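Novice: Fold the following and give me the result.
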Amino acid sequence: MANYFDTVRPWSRTVQIPSTLAHVVGILTTIFRLLYRWHLSKFWWEDTWAALALICDIACLASIWMETAPHNREFP
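Specialist: This next block holds a predicted model:
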């Protein structure tokens, strides 16, 4: 008989689609902001933090779409 943890998928399609949409909107607006600030020659420290947050957001989006093989999830 299958264990509960073998059947649960934390990132089902009903979660992946809305979260992907939210991440894509955030990524696009951050890219627009950084390019606009660069064009105005007003790129400053807070824009560097926004660029770091953009990199982390892209990594988070990639992790949402990664699927791993189920592992033996028996807890002690």
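Novice: And the longest helix anywhere in the chain, what does it pack against?
Specialist: For the chain, the helix that runs over the most residues, judged by DSSP state H, is helix 13-39. Applying 3 or more CB pairs under 8 Å, 6 or more residues apart in numbering; DSSP states H and E, we find helix 13-39 packed against helix 45-65. In this view, the C-beta of every residue, glycine as well, is placed from N, C-alpha and C.
Novice: what is the mean pLDDT for the helix it packs on?
Specialist: For helix 45-65, the mean per-residue pLDDT is 93.
Novice: Can you name the residues in contact with it?
Specialist: 11, 16, 19-20, 23-24, 26-27, 30-31, 33-34, 37-38 (CB atoms under 8 Å, 6 or more residues apart in numbering).
Novice: now do 7 Å
Specialist: Residues from elsewhere that reach helix 45-65 (CB atoms under 7 Å, 6 or more residues apart in numbering): W11, Q16, S19, T20, H23, G26, I27, T30, R33, L34, R37.
Novice: Would you mark the buried spots in it?
Specialist: By 16 or more other CB atoms under 10 Å, the buried positions in helix 45-65 come out as D47, A50, L54, D57, L61.
Novice: Kindly export it (C-alpha atoms) in CSV.
Specialist: What follows is helix 45-65, C-alpha atoms only, in CSV (Å, rounded to 0.1, in the frame of the first residue of the first chain):
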residue,chain,number,x,y,z
TRP,A,45,22.7,50.5,-4.0
GLU,A,46,19.0,49.7,-3.7
ASP,A,47,19.0,48.6,-7.4
THR,A,48,21.9,46.2,-6.7
TRP,A,49,19.7,44.7,-4.0
ALA,A,50,16.8,44.5,-6.5
ALA,A,51,19.2,42.7,-8.9
LEU,A,52,20.1,40.2,-6.2
ALA,A,53,16.4,39.7,-5.4
LEU,A,54,15.8,39.1,-9.1
ILE,A,55,18.5,36.4,-9.2
CYS,A,56,16.9,34.7,-6.2
ASP,A,57,13.4,35.0,-7.8
ILE,A,58,14.6,33.3,-10.9
ALA,A,59,16.1,30.5,-8.8
CYS,A,60,12.8,30.1,-7.0
LEU,A,61,10.9,30.0,-10.2
ALA,A,62,13.3,27.3,-11.5
SER,A,63,12.8,25.3,-8.3
ILE,A,64,9.0,25.4,-8.7
TRP,A,65,9.3,23.6,-12.1
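Novice: If anything else comes up later, I'll come back, but that's it for now.
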